[in-house]
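Participant: generate a structure from the sequence data that follows.
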Amino acid sequence: MMLMQIKNLSVTVNAKAGGKKILDDVSLQISQRSIFALVGGSGSGKSTTGLSILRLLDPGLTISSGEVLFSGRDILKLPPEQLRQVRGKDIAMVFQEPLYAFNPVLPIGRQIEEVFLSHTDFSPQKRTAETLRLLDIVGIKEPRRVYKSYAHQLSGGMRQRAMIAQAVALKPKLIIADEPTSSLDVTLQARIIELFMKLRDDLNLSVLLITHDLGIVEHMADTVAVMNGGQIIETGAVTQVLKNPQHSYTQELLTYAGRT
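Facilitator: From the prediction side, this is the model:
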C-alpha cells in the first residue's frame, strides 16, 4: 500500500532572479513498511529532496512545482500549523550530523522530550519515562547518563542513536534518514543499519534512506532511485538495479564503488 508519492517536484535557487533548477521533475513512490533508498553523488539532489518533503529548505531555495502526497494530503499546500503537526508526529527526520542538529546548550533528554511537549499532553514525569524508554529501545546501555548528557559529550554512535530515538518517539509512519551512517566506523554503521531494520519491523514504519553508500543500500533497502543533476535517472528493486543497471551513470557509480 502506498504511503507517500512525490510528483514532479522541482526546486529552484534564487527563483526571484530567474533562478536555476536544482531539482527537476522528481517523482517517486514509497510503500508502507518499506525502505526506499535515494542514492547519487554529492550535489545530485538527494538531501534537497528529503528536506523538501518537510519544507525545511534553506533560504534562497524555492519549491517551484510539484506535489508531495502523504496519506492523501499534499504536504506542500498545508498551512504552517498543520505542517507542524506532521513534522515529528507522522514524518520524522534523522539528520546527517547529529552533533550540529542537536542544540549544544540543552541535555539530550530535554531535546527528545520536546517532541512529547509539542504533540502530547504527557505529564513531565511521563515525558521523562518515555524518553528513557526510547533511549533503551535504540540500544543505549546507560539511558539515564545519556539523558543528562550534552551532544558533545557523546560518541558519534551514541548521538546517532539518540537522534533516532527522537525520530521514533511518536511512532511516525515515515523516517527520512539523511546519510545516517556517514560519520561512523564500519562496526557502528552495521549496528545502525540493524537498528533501522528492527524499528521498521517493530513499529511498521517506512524509511527514506538518503545515502551514497551502495553497500548499505544492498543490505537495507527494498527499492532504490538513482539521482544525478537533480533528476531521478533510474528506479527499481534494489536487486534489479544493482545487478543489472540500465543507465550509464548508475553503472559508473557501481564501478566506482567496486561492485562491477
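
Participant: for the rest of this, base every contact and every neighbour count on C-alpha atoms.
Facilitator: Will do.

Participant: show me the shaky parts of this structure.
Facilitator: Applying pLDDT under 70 to the chain flags the ranges 15-18, 257-260.

Participant: just the strands in it please.
Facilitator: Remark: strands assigned in the chain by DSSP state E are 2-13, 20-31, 35-39, 61-70, 73-74, 91-94, 174-178, 206-211, 223-228, 231-237.

Participant: buried sites along the second one?
Facilitator: Of all the residues in strand 20-31, those buried under the rule 16 or more other Cα atoms under 10 Å are 21-31.

Participant: the fourth one too?
Facilitator: Residues of strand 61-70 classed as buried by neighbour count (16+ other Cα under 10 Å): 61-63, 66-70.

Participant: can I get stretch 102-116 in CSV, CA atoms only?
Facilitator: In CSV, the C-alpha atoms belonging to stretch 102-116 read as follows (Å, rounded to 0.1, in the frame of the first residue of the first chain):
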residue,chain,number,x,y,z
PHE,A,102,21.2,18.9,18.5
ASN,A,103,21.1,22.1,20.5
PRO,A,104,24.5,22.3,22.2
VAL,A,105,23.2,24.0,25.4
LEU,A,106,20.4,21.6,26.2
PRO,A,107,20.8,18.0,27.5
ILE,A,108,19.8,15.3,25.1
GLY,A,109,16.9,14.1,27.2
ARG,A,110,15.3,17.6,27.3
GLN,A,111,15.5,17.7,23.5
ILE,A,112,13.8,14.4,23.0
GLU,A,113,11.1,15.4,25.4
GLU,A,114,10.3,18.4,23.3
VAL,A,115,8.6,16.1,20.8
PHE,A,116,6.2,15.0,23.5
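
Participant: ok, now which ones touch the closest residue to I91 other than its chain neighbours?
Facilitator: Closest residue to I91 apart from its sequence neighbours, by Cα to Cα, 6 or more residues apart in numbering: L174 at 4.8 Å. Going by Cα atoms under 8 Å, 6 or more residues apart in numbering, L174 touches 90-92, 205-208.

Participant: outside of stretch 111-124 itself, list whatever touches it.
Facilitator: 85, 88-89, 102-103, 127-128, 131, 165-166, 169-170.

Participant: roughly how far apart are the spatially closest residue to T49 that is not a sequence neighbour and E130?
Facilitator: Leaving out its chain neighbours, the residue that sits closest to T49 by Cα to Cα, 6+ apart is L23, at 7.5 Å. Per Cα to Cα, to the nearest Å, L23 is found 39 Å from E130.

Participant: try I35
Facilitator: For I35 relative to E130 (Cα to Cα), the value is 26 Å.

Participant: quick one: which of these two has more around it?
Facilitator: I35 (25 against 17; other Cα atoms under 10 Å).

Participant: return the set of residues that bridge with that one.
Facilitator: Taking DSSP bridges as the rule, I35 bridges to V207.

Participant: separation between P124 and G109?
Facilitator: For P124, the distance to G109 - Cα to Cα - is 12 Å.

Participant: before we move on, what about H119?
Facilitator: 16 Å.

Participant: also L242?
Facilitator: From L242 to G109 the distance is 40 Å (Cα to Cα).

Participant: M163 too?
Facilitator: M163 is 11 Å from G109, by Cα to Cα.

Participant: the more surrounded of those two?
Facilitator: M163 (26 against 23).

Participant: list the beta-bridge partners for the spatially closest residue to the more buried one that is not a sequence neighbour.
Facilitator: Closest residue to M163 apart from its sequence neighbours, by Cα to Cα, 6+ apart: V94 at 6.2 Å. For V94, the beta-bridge partners are A177 (DSSP bridges).

Participant: how many residues are close by V94?
Facilitator: 23.

Participant: returning to what we had before: from the contacts of stretch 111-124, list the buried ones, please.
Facilitator: Counted by 16+ other Cα under 10 Å, the contacts of stretch 111-124 give 88-89, 102, 127-128, 131, 165-166, 169-170 as buried.

Participant: which members of those occur in helices, if any?
Facilitator: Counted as lying in helices by DSSP state H, out of those, are 127-128, 131, 165-166.
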